[in-house]
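Colleague: I would like the atomic coordinates for the input below:
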Amino acid sequence: MSKKRIKFRVGDLLVKYDSGKPEQAVLLAKHPPYYNEEKQRQIPTTWELLGWEFQYYNVLESFLKTQIEKELIDYYPAKK
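Modeller: Numbers count the residues shown, from 1 in each chain. Below you'll find the model as predicted:
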């Protein structure tokens, strides 16, 4: 089975199910990878989300893609 290439964009909708209830989130902003001097490590690409349990928070892009591939999160790309 080949992996479906996922390219996130601002406005994409993500839906996860918590105890059978759908929870929606929208991608607001992409934060590119950078080196954090304080933690002395590379920080990978993150996305700022609006929704789910918190109002705003950052989540790793790789985590989102893994969850979508495992079908734990539904992904709906925004229309152009």
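
Colleague: Confidence-wise, which helix or strand of this protein is lowest on average?
Modeller: The helix or strand of the chain with the poorest confidence is strand 54-60; it has a mean of 78 (mean pLDDT, DSSP states H and E).

Colleague: Tell me the strands beside the top strand by length along the chain, with direction?
Modeller: Assignment by DSSP state E gives strand 21-31 as the longest strand of the chain. Sheet pairing for strand 21-31, assigned by DSSP bridges, gives strand 13-18 (antiparallel), strand 46-51 (antiparallel).

Colleague: List of residues touching that strand?
Modeller: The list of residues contacting strand 21-31 from outside it, by Cβ atoms under 8 Å, 6 or more residues apart in numbering, reads 8-17, 45-53, 56, 58, 61. Quick note: C-beta positions are derived from backbone N, CA and C, even for glycine.

Colleague: Buried members of those residues into PyMOL, please.
Modeller: Command for PyMOL that selects the buried part of the contacts of strand 21-31, burial taken from 16 or more other Cβ atoms under 10 Å:
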select buried, resi 8+12+14+16+46+47+49+51+52+61
